[in-house]
Structure formats: structure tokens, C-alpha cells
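Peer 1: sequence unknown, structure follows:
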């Protein structure tokens, strides 16, 4: 089995090393193609107005000066000798749950793999829920290969990718795996942090408050709060089927 490993945190990110370890437990044919620099929040963007620069670091290990989706495109269309059997994206530094999925470059890389007809999964390590700013990579490292191995044989149909989030706890505290739906984050947690630079000019950081909400049962949020690995099937087709009849009636 040939696996493509990518991410949005960049070629030197610690989570990429964790994902390489996971992929290495599943195959000896692992290729790494990741962004040259951090691309968090890049979503499903591709570089149309700028050239892509490619750098080879070692055998089967490359970086691209572009977005996560660029990396998958370059890997499949230019770098790899054959189309991979699996795209693994991550392990992201922080959770990709609820509304995060619309911003996430980690999930976008898996989306690009899915768009190319390749089985694809996004993996993220939650933090800031229980252990403050400590990032417990060992949870994804210890549980990742087993979860991916169980999901690999499934045929979920075209346009479906899997979003996997590992909880913020010790590896032996994980309370199983839950199949979940996308939750809803309290958007009041999205903040604009205003600061002043050395020349007295204002600048701003966007970020999230680390506050627990009270999510509904069955959601990705609820699962990771309950120390479960969350597995959410996401679909590339964003059409809201239930709204179509109302729209037709309004336009008649």
C-alpha cells in the first residue's frame, strides 16, 4: 500500500513526524509532501496566481511552497510514480471539530485527495481541553495506526473523507472511538486580539478562547470532551437537500 502523508503545519511540524510514524506502521511505501511553511487556516485554497516551488529533502520527502491542497496535487500529478492508495493529513496541532472544518488546511488536504478519487483521512490532536497548553502527541501516536487500519477497508462511496480527532488526555485514558456528526462551536469563542507594534501601529491576531461549551450528544465536540476518539464522515457535496423544495416553491 502506498501512502501520501501531508499536513498544514509545515514540513518541520512535530505532528508530521507523528503521522509518519503512524503511516510507517501500515506500510513501508510512505511519501511525504508537505507545505514549506505553516498553512493553518488555508482551507481548500490552491495557488493560481503564484508559482509553486518544490524542494526535495530526502528520499520520498518533499516540501512545496504552497497550500496543503497544492501539496496533494503536486504529489499525485508530479512527484509520486503512481497514485497513492491512501492520503493521510496531519497530525494537526489542535482539534479540527465543529466549524473548524471549514477553515482547516488539514481537512482541505484530505478533501483534495478525495476530489482526486483517493481514500483520504484528516487526523488532529486536541489540546487545551484538559491539559492547558500541553500537547499530548502520544495519544495520536499510540492510537492512530489502529484507528486508520480499521477504517481503511471501508467503502463509504465517492466524495467522503474521514475527520479523526484524538482527545486531550493520556493514551490509557481514551474511552474508545465514537462515530460522530459535525458539531457547532460557539462563535463567541472566536476573538480578535488587538495589539500595538514597536512603531505604535495597531495589529491583530485572530484566535479562539479555550472554553468548554455544552455540546449535543453524538457530536465531535461531545466525543473529545468525553475522552473519545472522534471519527466524522464529511462529504464534499455541500448541497442542503432539505432546503431545495422550499427554494423551488419560492421561485415559482
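Peer 2: Arrived safely. On a predicted model such as this, the values are computed, not experimentally measured, just so you know.
Peer 1: Make sure residue 99 is indeed in a helix.
Peer 2: Yes. Counting by DSSP: H, G, I helix; E, B strand; the rest coil, residue 99 is part of a helix.
Peer 1: That one and residue 105: what is the separation?
Peer 2: According to CB to CB, to the nearest Å, residue 99 stands 15 Å off from residue 105. All C-beta spots, glycine's among them, are computed from the backbone N, C-alpha and C.
Peer 1: So the two - more neighbours on which side?
Peer 2: residue 105 (28 against 17; other CB atoms under 10 Å).
Peer 1: Could you tell me how many residues sit around the residue nearest to that one when sequence neighbours are not counted?
Peer 2: The shortest distance from residue 105 to any residue other than its chain neighbours is 3.0 Å, reached at residue 8 (CB to CB, 6 or more residues apart in numbering). Other residues within reach of residue 8 by the criterion other CB under 10 Å amount to 31.
Peer 1: I figured residue 8 hits residue 112, correct?
Peer 2: No. Between residue 8 and residue 112 no contact is recorded; they are 11.5 Å apart, counting by CB atoms under 8 Å.
Peer 1: which residues are common contacts for these two?
Peer 2: Residues within reach of residue 8 and of residue 112 at once, by CB atoms under 8 Å, 6 or more residues apart in numbering, are residue 68.
Peer 1: helix/strand/coil for the residue nearest to residue 105?
Peer 2: When states are read from three-state DSSP, the local structure at residue 8 comes out as coil.
Peer 1: Just the pLDDT for it.
Peer 2: Each residue has a pLDDT score; the one for residue 8 is 95.
Peer 1: So which residue is dead centre in the protein?
Peer 2: The central residue of the chain, meaning the one whose C-alpha is nearest the mean C-alpha position (CA atoms, centre = their mean), is residue 106 at 3.0 Å.
Peer 1: Are we agreed that residue 20 is in a strand?
Peer 2: No. Residue assignment for residue 20, taken from three-state DSSP, gives helix, which places it outside any strand.
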